[in-house]
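Chemist: What follows is a predicted protein model with its sequence.
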Amino acid sequence: MGINKVVVERMFIGAGCNRIVNNVSWGSCDLVAFGAQNAVAIFCPKTAQILTTLPGHKAAVNCTHWLPSSKFAFKAKHLGRHYLLSGDANGAIVLWELSNTERQWRLVVQVPEAHKKGITCINGIMFSQTDALFASTSSDSIVNVWELFLPSNVGGHCKLSCLESLSVGPKPMVVLSLAELPGNIGHIALAMGGLDNKIHLYCGERTGKVVFIHACELKGHTDWIRGLDFSLPISKYSLLLVSSSQDRVIRIWRMTLCNSQADSNISSNKQEISLSSYIEGPVFSYGSNSYQISLDSLLIGHEDWVYSVEWKPPFMKSEEGIVFQPQGLLSASMDKTMMIWQPEKTSGIWMNVVTVGELSHCALGFYGGHWSPNGDSILAHGYGGSFHLWKNVGVGFDDWKPQVVPSGHFASVTDIAWARSGEYILSVSNDQTTRIFAPWRSDKKRGQSWNEIARPQVHGHDINCVTIIQGKGNHRFVSGADEKVARVFEAPLSFLKTLNHATSQKPDFDEFQEDVQILGANMSALGLSQKPIYVQASSETSDKNNNDGLDTLETIPDAVPVVLTEPPIEDQLAWHTLWPESHKLYGHGNELFSLCCDHQGKLVASSCKAQSTAVAEIWLWQVGSWKAVGRLQFHSLTVTHMEFSHDDTLLLSVSRDRHFSVFSIERAGPDEIKCSLLAKQEAHKRIIWTCSWNPFGHEFATGSRDKTVKIWAVENKSSCNQIMALPQFSSSVTALSWVGLYNQSVDGLIAIGMESGIIELWSISIGRTDNGSSNKARGMASILVRLDPFMCHVSPVQHLAWRESEQTGDCEHMQLASCGADHCVRVFEVMVD
């Protein structure tokens, strides 16, 4: 029976946020946008899931901005479309459209060279559903002001034009804010701040030829300006501007219209002598109006750079139809805290009323903070690519509680592996962490949702490869990093019980759970080894830090491993979910590059970076004793990928030297392995990046930088012959994974990942002869699905891995996991009918 239909659906995306200011934006549609390497990722705070990633940028995304933003959520309740602006490190700006009803995205306009250097901030305002204005600033010391005419219907054309290009001198501006001047519709104020420690105010008009003129400078900050935000008018004649700086101080500036009709109001205000009386600043004129700017308040409370400051979103009083601007500010700082500020009711002095943050020693501060559209939640993004969300759950009083958020790696994800029973995915990355993602089935509010449930390894080197030990016993994995030693980790008791909560199933580790005496792990002072915390020791209060009154290097606080009954937040993941390291495998002369384990869980193969035959050897390790039982020295350059055949009698390796090698593996005794080279062949014209065995036979596929995939067969365990070559692809092939189908006439599916980030699924038919050998003439391959670019990676696919399939009737349900250089881990549901 042939394949009738293949359906691929997105199940999960895990990704960290680019570590840069202005990268995150919370829109009035209640979705959060952020840059994840070259993609713009969209996540829903209510479900804590990343919904999609938007491909279109060719460099890292530096900043995002919604139109309308959360500040104008009161206007956007019935909007059919929302728009998102994103800017990248190459100076390109992209405008995206989200259809609210269909939840479909499309790329509307792309300006490839909006700036000559990386864009650092975008800020805009919408005047109507089809009319908007936004400004962008860049490291090229240019601030551009753009006019945007949006389509009136879904899928319509959009008109974008640059109204003004302002040169700001040798010191670039890094933050912008736009607002309409009080008292005059059509007059626009543009505030910008940057490396010269001053706030520059420009004014312009929407009507006619727009010319922005420099109105004034606001001095006071003693370091770079990092945050600016205009409020909505707090009265008919005044507007507030808040600024934050690396000098750790927040300043509130008041802009007041000085026309005669407002003079009486101003004079009466001046007569009120109080601690909140403002300090008069510059007066500037624009058109027929004059404006007085004064320093309203100085907020001191943060202990490190204040990267962002934002007014609480306005809301509309439904009974009156009047827009009300609340007196509330949110600031985020590198001191690991966010603060909410409000004026004290009697004196009017601005006070810090709420402080939230990460007290963990491993957090390094926040790059930005944002209000939700209704003002009941606040979101921060941190140095570790992580999100931190708090929601006010109090009724009649403030009670801010941390919430679950999406998480993921903040650097290239180098390898992934499924747990032996498919309960979770293990991923490793150049961000020096190993993470476990799993579907949390016990979460009744959201149904089954994927979350990061543990971070077994937090290392001091970039991690390049990982393999999970198969077979019976406790969960174990081996990881290899930019060091000469491979490390073996074993699951602690806290993780086993957490996994049981996540899967809501009877645990399959009853037989060995009683033998696990390790509760968790502690990080060493240098961040390389992870030491076990024993069950009996956890209940004892050790006073090791005070022993003999000696001061030691190991002043890192102990982890507190606990059983998690709901998806963890970043503070728990970063420190309390470590696995203890059980063994180190010494032998290689260079940094580890590839690892694989056989299907019985008895052998692990490892390789390292190499430029000579002596260093490019493959080491075989016996699981359990962890002795080196074999060294295979047949390649001349780095072995890039290895895999055992499904009966564990053959080991396949591919290399930068463009050759593949097939080794025969024979177990002569409990501690003795006989290895012999069965075949070695130059298979491609460029580096071979990847390989994968047929689960039902001794055929295998190889993928190369030469943009080809070739299928080979091992004949009579003595030689290798090429069966077929797939048509040349448009990009280098960087990842392959072959899965078998039980009720189909074909020999399985091959998932092919490319340097462009695209993933394709192909069906393979070997066409065996009567004696069971492969027939070159009968071999067939055909493409089944080319995944939509909105589902795929935007950078090279690093690894692909199939989970064991589940059969329901005539349909097979499979899950395909992928990881890429775009910081993403993805899981797809594949249904074959």
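Modeler: Cool, the structure landed. Remember, it's a predicted structure, so these values are computed and weren't measured experimentally.
Chemist: Let me know how buried Lys472 is, in neighbour terms.
Modeler: Using other C-beta atoms under 10 Å, Lys472 has 11 neighbouring residues. In this view, the C-beta of every residue, glycine as well, is placed from N, C-alpha and C.
Chemist: Find the helix or strand that the closest residue in space to Leu84 that isn't next to it in sequence is a member of.
Modeler: The spatial neighbour of Leu84 that comes closest, neighbours along the chain excluded (C-beta to C-beta, 6 or more residues apart in numbering), is Trp96 at 4.4 Å. Trp96 is located in strand 93-99, with elements delineated by DSSP states H and E.
Chemist: next SSE after that strand?
Modeler: On the C-terminal side of strand 93-99, the closest following helix or strand by DSSP H and E is strand 104-111.
Chemist: Give me the buried positions along that next one.
Modeler: Counting neighbours by 16 or more other C-beta atoms under 10 Å, one finds that the buried residues in strand 104-111 are 105, 108-109, 111.
Chemist: list the contacts for the residue nearest to Leu84?
Modeler: Applying C-beta atoms under 8 Å, 6 or more residues apart in numbering, we find Trp96 in contact with 40, 54, 56, 83-86, 105-108.
Chemist: surely Trp575 meets Pro561?
Modeler: No: if you go by C-beta atoms under 8 Å, Trp575 and Pro561 don't touch, sitting 9.5 Å apart.
Chemist: Please say which of these two ends up with more neighbours.
Modeler: Residue environment comparison for Trp575 versus Pro561 gives the larger neighbour count to Pro561, 26 against 23, counting by other C-beta under 10 Å.
Chemist: Distance check, that one against Pro580.
Modeler: 10 Å (C-beta to C-beta, to the nearest Å).
Chemist: can you list residues touching both of those two?
Modeler: Listed as contacting both Pro561 and Pro580 by C-beta under 8 Å, 6+ apart are 492, 520-521, 533.
Chemist: got a pLDDT number for Gly394?
Modeler: Model confidence at Gly394, given as pLDDT, is 83.
Chemist: what's the answer for Ile252, then?
Modeler: We note a pLDDT of 94 for Ile252 in this prediction.
Chemist: Equivalent analysis for Ser290, please.
Modeler: pLDDT recorded at Ser290 is 87.
Chemist: check contacts around it.
Modeler: The contact partners of Ser290, by C-beta under 8 Å, 6+ apart, come to 257-259, 283-284.
Chemist: could you redo the last one with a cut-off of 6 Å?
Modeler: Applying C-beta atoms under 6 Å, 6 or more residues apart in numbering, one finds that Ser290 lies in contact with 258, 283.
Chemist: tell me which residues in the helix or strand harbouring it are buried?
Modeler: With secondary structure defined by DSSP H and E, Ser290 is part of strand 289-300. Within strand 289-300, the residues that qualify as buried by neighbour count (16+ other C-beta under 10 Å) are 289, 291-294, 296-297, 299.
Chemist: what's the answer for stretch 730-740, then?
Modeler: Applying a neighbour-count criterion of 16+ other C-beta under 10 Å, one finds 732-740 buried in stretch 730-740.
Chemist: Distance from that stretch to the middle of the chain?
Modeler: Centroid displacement of stretch 730-740 relative to its chain, using C-alpha atoms, centre = their mean, to the nearest Å, is 23 Å.
Chemist: One more: stretch 663-676?
Modeler: In terms of C-alpha atoms, centre = their mean, the centre of stretch 663-676 is found 43 Å from the chain centre.
Chemist: try stretch 817-824
Modeler: Taking the mean of its C-alpha atoms, stretch 817-824 sits 10 Å from the chain's own mean (C-alpha atoms, centre = their mean).
Chemist: now do the same end-to-end measure for that stretch.
Modeler: Stretch 817-824 has an end-to-end distance of 11 Å (C-alpha to C-alpha, to the nearest Å).
Chemist: Residues contacting it, please?
Modeler: Contact partners of stretch 817-824, identified using C-beta under 6 Å, 6+ apart, comprise 13, 15-16, 36-37, 39, 409, 412-413, 416, 425, 427, 793-801, 825-827.
Chemist: State whether Leu496 is indeed within a helix.
Modeler: Yes: Leu496 forms part of a helix when assessed by DSSP: H, G, I helix; E, B strand; the rest coil.
Chemist: I'd like the numbering to begin with 28 instead of 1 from here.
Modeler: Right, with 28 as the first residue, what we last looked at is Leu523.
Chemist: show me where pLDDT drops low in the stretch 678-827 of the chain?
Modeler: Screening the stretch 678-827 of the chain residue by residue with the criterion pLDDT under 70, one finds the ranges 770-773, 795-805.
Chemist: any chance you could map the strands in it?
Modeler: If DSSP state E, counting those that start in this stretch is used as the criterion, the strands of the stretch 678-827 of the chain fall at 686-696, 699-709, 715-720, 726-731, 736-742, 746-752, 760-766, 776-781, 786-792, 807-813, 824-829.
Chemist: Strand partners (parallel or antiparallel) of the third one?
Modeler: With DSSP bridges as the test, strand 715-720 is paired with strand 726-731 (antiparallel).
Chemist: what are the C-alpha coordinates of the partner strand, in PDB please?
Modeler: Taking only C-alpha atoms (Å, rounded to 0.1, in the frame of the first residue of the first chain), the coordinates of strand 726-731 have been written out as PDB:
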ATOM      1  CA  GLU A 726      20.800   0.700   3.700                       C
ATOM      2  CA  PHE A 727      21.900   4.200   4.700                       C
ATOM      3  CA  ALA A 728      21.700   7.800   3.500                       C
ATOM      4  CA  THR A 729      24.500  10.400   3.400                       C
ATOM      5  CA  GLY A 730      24.100  14.200   3.000                       C
ATOM      6  CA  SER A 731      26.700  16.600   2.000                       C
END
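Chemist: so how far is that strand from its chain's centroid?
Modeler: Chain-centre distance of strand 726-731: 30 Å, with C-alpha atoms, centre = their mean.
Chemist: What of stretch 327-340?
Modeler: Taking C-alpha atoms, centre = their mean, one finds the center of stretch 327-340 at 24 Å from the center of the full chain.
Chemist: For that stretch, which residues meet the burial criterion?
Modeler: For stretch 327-340, the neighbour count (16+ other C-beta under 10 Å) marks 328-329, 332-340 as buried.
Chemist: After the worst-scoring helix or strand of the chain on mean pLDDT, which helix or strand is next? Please name it.
Modeler: In the chain, the helix or strand scored least confidently by mean pLDDT, DSSP states H and E is helix 287-298, which has a mean of 44. From helix 287-298 onward toward the C-terminus, using DSSP H and E, the following helix or strand is strand 306-313.
Chemist: other SSEs contacting that next one?
Modeler: If you count contacts as 3 or more C-beta pairs under 6 Å, 6 or more residues apart in numbering; DSSP states H and E, strand 306-313 packs onto strand 240-245, strand 316-327.
Chemist: Tabulate those strands (CSV), appending distance to Ser188.
Modeler: Listed next are those as CSV, based on distance: least, C-beta to C-beta, whole Å:
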stretch, distance to Ser188
strand 240-245, 20
strand 316-327, 27
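Chemist: Take the shared contacts of Pro588 and Pro607 and keep only those in strands.
Modeler: Of the positions in the shared contacts of Pro588 and Pro607, 547-548, 560 sit in strands, assigned by DSSP state E.
Chemist: and these as JSON lines, adding pLDDT, distance to Val269 and neighbour count?
Modeler: What follows is these, written out as JSON lines (pLDDT from 0 to 100; distance: C-beta to C-beta, whole Å; neighbours: other C-beta atoms under 10 Å):
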{"residue": "Gly547", "pLDDT": "80", "distance to Val269": "43", "neighbour count": "26"}
{"residue": "Ala548", "pLDDT": "81", "distance to Val269": "44", "neighbour count": "27"}
{"residue": "Ile560", "pLDDT": "82", "distance to Val269": "45", "neighbour count": "21"}
